[in-house]
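Q: here you go, sequence then predicted model.
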Amino acid sequence: MKFINTRNKKKYNFFDIIKKGISIKGGLFMPYKIPKINIKKILLKKNYNDLFYSIFKRFLSKKEILKINLKSIIKKSFSKKNFFLDKKNCLTNIKKIKIFKNNVYLYKIYNGKSGSFKDMAISFIANLFKIYFKKKNNVVTSTSGDTGSSCIFFLRKNKKINTFVLSPYKKISKFQSNQMFSIKKKNIFNLTIKGNFDDCQRIIKKNILKYKKFSTLNSINVIRIITQSIYYFNCYIKIKKPITFSIPTGNFGNAYSAFLAFKMGLPIKKIILCNNENDTCYRIFKGKNVKKKVIKTNSPSMDILKPSNLERYFYEILKKKFFLDYIKNSNKKYFFKKKNSIFDVERCNKNKRKKIIKEVYKKNNVIIDTHTANAILPVMKKKHKNFVCVATASYVKFTDSIFKILRINKNIKIIKELKKKRKKTFFFNSKDTKKICNFVKLNKN
C-alpha cells in the first residue's frame, strides 16, 4: 500500500507516514487506493482485535506488517491497562435509548482511560511509535481538550519521546486541563496558548512539524483516520443493518473516518455532520460563507472554525487537478451543491443541547456529554431507521455544564483527585510563534 499527499505527486510508504504525520509542504497524507473490505467476512470477526487486524493490514505491505509486528501492537493497545472493558471485554458499547418518540442507538466509544473516543486510536499509534522509534523522537499535538489528555496518557511513560501539547487558554473544560496539566513527567510539555484551537493547529502545521524527528497524534495524521474508521465496522457487526451515523464534529476527523469506512464498502445510509455554534461544516455544505470568529461554547472540543480534515474530502471528491485550483481560489459554493452526497449536516445551539441532555436523562436515566448531545439533534426533526448517535466523550469531563443543566450533583472521585494535584503548564500568546518554536527546539530530543 502506498500513500499520497494532497499537494504533491510523490508516493509514500507506511514508515514515511509514521515519521512525519503530515507533509513538510503542508498537505495531508491519504491512501493511494482505498481497499475494499468483504463485509460478510467482517461479520465473522469475534472480537475487536481480530477486526482491527483484518482491516488495518490492508493498508500495509507484508514486510511492513512483519516489521512492526502488527498483532503484538494490537494486543498491547487494547488491553485492560488502557481501557475500562465491560463483562464481555468489549471496548465499545451500544445502548438503545428512547428520545423524542424515536429509538436511537447510543454508540459509546470512549471507554479509554482518558474518557475520549480518541483513546482507541491513540493507544495504538503510541504503541506503534514505541516499536518503530528506536532512537529519541518527538510528538507535537494541538488539542481542543480530548486529544491532549489522551496523547499525554499514552505517551507519558515513553522516555524516548518528548511530547508537546498546545491547548487554547480557558477554551477547554476544567477537567480536561486538570487531566493534562497534572501529569508532570520530564518528557511531557504542556503549552497553553492565548488564542483558540485553530491558532494551535496553525502553529503546528506551518512551523513545528517541519522540524526533523517530529510526528503528531492529531487527526491530520492519516494513521488516526484509518484506526478510527474501524469503529464504524465494529458498530455494524453489532447492528448488522445499513446505518445512519450521526457524529458530533469539529475538526472533521471522526466524520472523515466514517467516510473512509463507507469508501471501503461499509453499508452506511447517511453520515450526519453535527456542528455546534462553530458551524463551518454546516455552512460549507450549505454553500454559505463561514464565520470568522470562534464562539466559546459548552461543547469546547468542537470549537473549531478550520477543520483540517476537510482537505482530504475535497481532494477525494474534486481530484487533484481541481483541488490545487480550489486551494488557491477557495471557491466553496460550486462544489457543495453536489446531489446524492453521503453527508447531511446539522447545527445545534446551547438551548437545544440543554433540551436533549434533559430528555435523555429523564426518559432513559442516561447522562450524555455536551458534545454527544449535538449528534442527537437530527431525531428531534424527523425519524431515522437504524440511527446511531456516536457518543464521543464521558460526561465526567464536562460536569460544570452537565450538573447545571440536570440540576444534580455527584461526588466523582477522579474529579476530586485531579483538583488536589499540582498543575504545570507554559503560557504563550498565539502571536508569539517564534517564542513557541524556540521553546520546542530547546526542549526537543
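A: That came in fine, so what should we check first?

Q: for Ile342, grab the count of nearby residues.
A: Other residues near Ile342 number 14, with proximity taken as other C-beta atoms under 10 Å. Glycine gets a C-beta too; all of them are placed from N, C-alpha and C.

Q: thinking it is in contact with Lys263, fair?
A: No - counting by C-beta atoms under 8 Å, Lys263 is not a contact partner of Ile342; they are 9.1 Å apart.

Q: let's verify Lys19: helix, strand, or coil?
A: Counting by DSSP: H, G, I helix; E, B strand; the rest coil, the backbone at Lys19 sits in helix.

Q: typed the wrong thing, it's Lys98
A: Lys98 - assigned by three-state DSSP - is strand.

Q: so where do the helices sit in the stretch 51-200 of the chain?
A: According to DSSP state H, counting those that start in this stretch, the stretch 51-200 of the chain carries its helices in the segments 62-68, 70-77, 119-132, 146-155, 174-181, 197-206.

Q: can you give me the buried ones in the shortest one?
A: Spelled out, that is helix 62-68. Buried positions in helix 62-68, judged by neighbour count with 16 or more other C-beta atoms under 10 Å: 64-65, 68.

Q: contacting residues for the residue nearest to Pro35 when sequence neighbours are not counted?
A: Using C-beta to C-beta, 6 or more residues apart in numbering and skipping residues adjacent in sequence, the residue nearest Pro35 is Arg58, 4.0 Å away. Listed by C-beta atoms under 8 Å, 6 or more residues apart in numbering, the contact set of Arg58 reads 1, 35, 37.

Q: buried only: go through the residues you listed for me.
A: Ile37.

Q: can I get the contacts of Arg58 in CSV including distance to Asn127 and secondary structure?
A: Formatted as CSV, the contacts of Arg58 follow (distance: C-beta to C-beta, whole Å; DSSP: H, G, I helix; E, B strand; the rest coil):
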residue, distance to Asn127, secondary structure
Met1, 20, coil
Pro35, 23, coil
Ile37, 23, coil
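
Q: least trustworthy helix or strand in this protein by mean pLDDT?
A: helix 310-329 (a mean of 69; mean pLDDT, DSSP states H and E).

Q: just the helices of the stretch 51-200 of the chain: most buried one?
A: Comparing these by mean neighbour count (mean count of other C-beta atoms under 10 Å), helix 146-155 ranks first with a mean of 27.

Q: for the stretch 251-400 of the chain, give me the ranges with low pLDDT.
A: The stretch 251-400 of the chain contains residues with pLDDT under 70 at 319-340.

Q: out of the helices of the stretch 51-200 of the chain, nearest to Lys296?
A: helix 197-206 (11.1 Å; C-beta to C-beta).

Q: chain center to the helix or strand following the closest one, what's the gap?
A: On the C-terminal side of helix 197-206, the closest following helix or strand by DSSP states H and E is strand 214-215. Centroid separation for strand 214-215 versus its chain: 18 Å, with C-alpha atoms, centre = their mean, to the nearest Å.

Q: strand 214-215: what's the following helix or strand?
A: helix 222-239.

Q: tell me the buried residues in that following helix?
A: Here helix 222-239 shows 222-237 as buried, counting by 16+ other C-beta under 10 Å.

Q: that one vs helix 70-77, what angle?
A: 80 degrees (axes from the mean of the first three to the mean of the last three C-alpha atoms, to 10 degrees).

Q: quick one: mean pLDDT for helix 222-239?
A: Helix 222-239 shows a mean pLDDT of 97.

Q: which other helices and strands does whatever helix or strand comes next after it contact?
A: Once the chain leaves helix 222-239, the next helix or strand it forms, by DSSP H and E, is strand 243-248. Other elements packing on strand 243-248 under the criterion 3 or more C-beta pairs under 8 Å, 6 or more residues apart in numbering; DSSP states H and E are helix 222-239, helix 253-263, strand 268-275, helix 372-376, strand 387-391.

Q: tell me what the second one is packed against?
A: In this structure, helix 253-263 packs against helix 222-239, strand 243-248, strand 268-275, helix 310-329, with contacts taken as 3+ C-beta pairs under 8 Å, 6+ apart.

Q: could you rerun that using 10 Å?
A: Judged by 3 or more C-beta pairs under 10 Å, 6 or more residues apart in numbering; DSSP states H and E, helix 253-263 is in contact with strand 29-31, helix 119-132, helix 222-239, strand 243-248, strand 268-275, helix 310-329, strand 343-347, strand 387-391.

Q: with distance to Phe285 added, can I get the ones you listed in a markdown table?
A: Formatted as a markdown table, these follow (distance: least, C-beta to C-beta, whole Å):
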| stretch | distance to Phe285 |
| --- | --- |
| strand 29-31 | 20 |
| helix 119-132 | 25 |
| helix 222-239 | 19 |
| strand 243-248 | 13 |
| strand 268-275 | 7 |
| helix 310-329 | 10 |
| strand 343-347 | 4 |
| strand 387-391 | 18 |
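
Q: before we move on, the earlier item: which one of the helices and strands packed on strand 243-248 lies closest to Tyr105?
A: Tyr105 sits nearest to strand 387-391 of all the helices and strands packed on strand 243-248, at 4.4 Å, using C-beta to C-beta.

Q: how far out from the middle of the chain is that closest one?
A: On C-alpha atoms, centre = their mean, the centre of strand 387-391 falls 15 Å from the chain's centre.

Q: that one vs strand 268-275, what angle?
A: 40 degrees.

Q: note down every partner strand of strand 387-391 and its orientation.
A: Neighbouring strands of strand 387-391 in its sheet, by DSSP bridges, are strand 102-108 (parallel), strand 243-248 (parallel).

Q: what's the most buried one of those strands?
A: strand 243-248 (a mean of 26).

Q: just the CA atoms of that strand, as PDB, please.
A: Written as PDB, here are the backbone C-alpha positions of strand 243-248 (Å, rounded to 0.1, in the frame of the first residue of the first chain):
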ATOM      1  CA  ILE A 243     -26.700   2.600   9.400                       C
ATOM      2  CA  THR A 244     -27.200   6.300   9.600                       C
ATOM      3  CA  PHE A 245     -24.400   7.700  11.700                       C
ATOM      4  CA  SER A 246     -24.800  11.000  13.500                       C
ATOM      5  CA  ILE A 247     -21.400  12.400  14.500                       C
ATOM      6  CA  PRO A 248     -20.600  15.500  16.600                       C
END
